[in-house]
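> give the three-dimensional model of this entry:
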Amino acid sequence: MFHNREDAAHQLTEQLRGRKLRHPLILAIPRGGVVIGAILAQKLGAELDVVLSRKLHAPGQPELALGAISEDGSIYLNHYAREYPDLTDDYLIEERRQQIAEIERRKELFRDVRPPASIQDRSVVITDDGIATGSTMIAALQTAKLKAPHELIVAVPVVSPERIPEIRRWCDDLVYLFAPEEFWAIGQFYEDFEQIPDEEVVALLQVANASLPGKTQESLGARPNPRPRQAYQVEGPFHDPTQPH
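Numbers count the residues shown, from 1 in each chain. The predicted structure is shown next:
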């Protein structure tokens, strides 16, 4: 379906070209999403930044996402998470700790070259190389929504059709190229789906940042990192294991 992420990004750009966007900002989910986002930003004349969210892996099934955690510490759990047989409060607390540690590592690495962009009153396009469970995308949308954008648009090359209604709940518009009925994993739709190293993400952010002459950290929206939140956003009831019963 796509040769690689660059091919997918060029095709996706055509779906957004000509759209009226207010001071547009592309927020890409690392790592693969940054390859998509860099091309969208270049072609649409937009600013590029990252939004950090991580999957919460199922016990004994690391390829299965029970949900995701955003960079502000809030958690989104998929509707089936509460029914997963081996999920305990202790496991969820430890998985949250591990993923927060990885988010902090990436934040330190990426923020050295790209201070946080201002989101308020802008057209914000959040992108990734695809949406399977949708948990990382929804966690990213929750983070962005708190910062009062003018509009939130999700733009991805491919999305699981089962997740479209839930994704639409969290954004103003969802733009995609394909929603195949037979959907097992994002990588099945790419001929080349190799892992993107941190160094490539850093390089893409450096190039994008360099194209914004005269921007200071203040004008780019840099501010102290907020204290991590511990709220749990779920599709169904699920208690917060960090709080007493």
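> confidence score at the residue nearest the centre of the chain?
Residue closest to the average C-alpha location in the chain (Cα atoms, centre = their mean): Ile29, at 3.6 Å. At Ile29, the pLDDT value in this model is 96.
> which residues does stretch 3-23 contact?
Stretch 3-23 is contacted by residues 2, 32, 35-40, 43-44, 46, 121-123, 125, 127, 129, 150-151, 153, 155-158, 175-177, 190-193, 196 when judged by Cβ atoms under 8 Å, 6 or more residues apart in numbering. For glycine as for every other residue, the C-beta is placed from the backbone atoms N, C-alpha and C.
> low-confidence ranges in this protein?
Along the chain, the parts satisfying pLDDT under 70 run over 211-245.
> can you pull out the strands in it?
All strands of the chain, identified by DSSP state E, fall at 25-28, 47-50, 53-58, 61-70, 75-77, 123-127, 151-158, 173-178, 232-234.
> follow-up on the earlier one: for the residue nearest to the centre of the chain, which non-adjacent residue is spatially closest?
Spatial nearest neighbour of Ile29, chain neighbours left out: Asp128 (4.3 Å); criterion: Cβ to Cβ, 6 or more residues apart in numbering.
> surely that neighbour meets Ala155?
No - proximity of Asp128 to Ala155 does not meet the contact threshold set by Cβ atoms under 8 Å, at 9.1 Å.
> neighbour-wise, which of those two wins?
Asp128 (30 against 24; other Cβ atoms under 10 Å).
> and the more buried one, how far from Ala28?
Applying Cβ to Cβ, to the nearest Å, the value for Asp128 to Ala28 is 7 Å.
> overlap in contacts of the two?
Joint contacts of Asp128 and Ala28 (Cβ under 8 Å, 6+ apart) are Ile36.
> for Ser70, which residues are in contact?
For Ser70, counting by Cβ under 8 Å, 6+ apart, the contacting residues are Val51, Leu52, Ser53, Tyr76, Ala139, Ala140, Gln142, Thr143.
> what is it paired to in the beta sheet?
Ser53 (DSSP bridges).
> now swap in the one 5 residues further on and tell me
When assigned by DSSP bridges, Ile75 has beta-bridge partners Ile69, Tyr232.
> just checking, it touches Ala65?
No - counting by Cβ under 8 Å, Ile75 stays clear of Ala65, with 11.9 Å between them.
> name the residues contacting each of those two.
Leu56.
> between those two, who's got more neighbours?
Ile75 (28 against 20).
> picking that back up, among the strands of the chain, which comes closest to Ala101?
Closest approach to Ala101 among these (Cβ to Cβ): strand 53-58, 9.7 Å.
> list the buried residues in that closest one.
Buried positions in strand 53-58, judged by neighbour count with 16 or more other Cβ atoms under 10 Å: Ser53, Arg54, Lys55, Leu56, His57, Ala58.
> before we move on, what about stretch 7-19?
Buried-residue list, stretch 7-19, by 16+ other Cβ under 10 Å: Asp7, Ala8, Ala9, Leu12, Thr13, Leu16.
> distance to Glu200 added to those, as CSV?
Below are the buried residues of stretch 7-19 laid out as CSV (distance: Cβ to Cβ, whole Å):
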residue, distance to Glu200
Asp7, 17
Ala8, 16
Ala9, 14
Leu12, 19
Thr13, 20
Leu16, 23
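> looking at the residues you listed, spot the one nearest Ala208.
Closest to Ala208, out of all of the buried residues of stretch 7-19 and judged by Cβ to Cβ, is Ala9, at 13.5 Å.
> how much space separates that closest one from Ser118?
24 Å.
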